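Asker: I would like to see how this sequence folds:
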Amino acid sequence: MTWLPDALRQEVEQMLRAGASDLAVHRQTGVARATVARYRKALGLPGYHTTADSPACRHGHPFPQHLGRNEKGHLICLECKRIRVRKKARANYTPVQPDEVAIQRAAAGDPPDRLTPRERAAAIRQLDRRQLSAAVIAERVRCSRRTVHRRRAAA
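Answerer: Sure thing, here's the model as predicted:
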């Protein structure tokens, strides 16, 4: 761990135990954020630790509306936890691939009852490459001519 003068180390520890964020400690003391994080870890405090008398979490979400406890009993901000869960879910997202058979059927003039917007756009692109008019494409894909024009402009 990085060596700090005793007075500065005590100030950092006191601020961390009071629930200050790493950024707040860095701004007030001038100690590097990485060093503050190492001290927080050495003290056994989680990164989102806060106190019950804090007006808000380190990200500014107001208490007591967002105040909760984690499985270890530490006070946490439920809004920050919700945001972390959403970010994790977004990182694992893979978009659904369009159905190639539905696209081929739409291009042939026999579209299924319901095409997804992505499938409709792919069918319009495919027919547009054949240089068909917007009216013919709209009739085959069963959409309006305006939709064909919008898809052409977006491509």
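
Asker: Which stretches in the chain count as strands?
Answerer: Taking DSSP state E as the test, the strands found in the chain are 67-69, 75-77.

Asker: what's next to stretch 6-18, contact-wise?
Answerer: Residues from elsewhere that reach stretch 6-18 (CB atoms under 8 Å, 6 or more residues apart in numbering): 4, 24-25, 28-29, 31, 36, 39-40, 43, 45, 49, 51. (C-beta placed from N, C-alpha, C; glycine too.)

Asker: Double-check Arg151 against Ala121; I have them as touching.
Answerer: Yes: Arg151 is in contact with Ala121 according to CB atoms under 8 Å; the separation is 5.2 Å.

Asker: sorry, back to before: mean pLDDT for the strands of the chain - can I get that in TSV?
Answerer: Converted to TSV, the strands of the chain look like this (pLDDT from 0 to 100):
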stretch	mean pLDDT
strand 67-69	83
strand 75-77	80
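
Asker: Which of those sits closest to Arg130?
Answerer: Comparison of those against Arg130 by CB to CB identifies strand 75-77 as nearest, at 56.2 Å.
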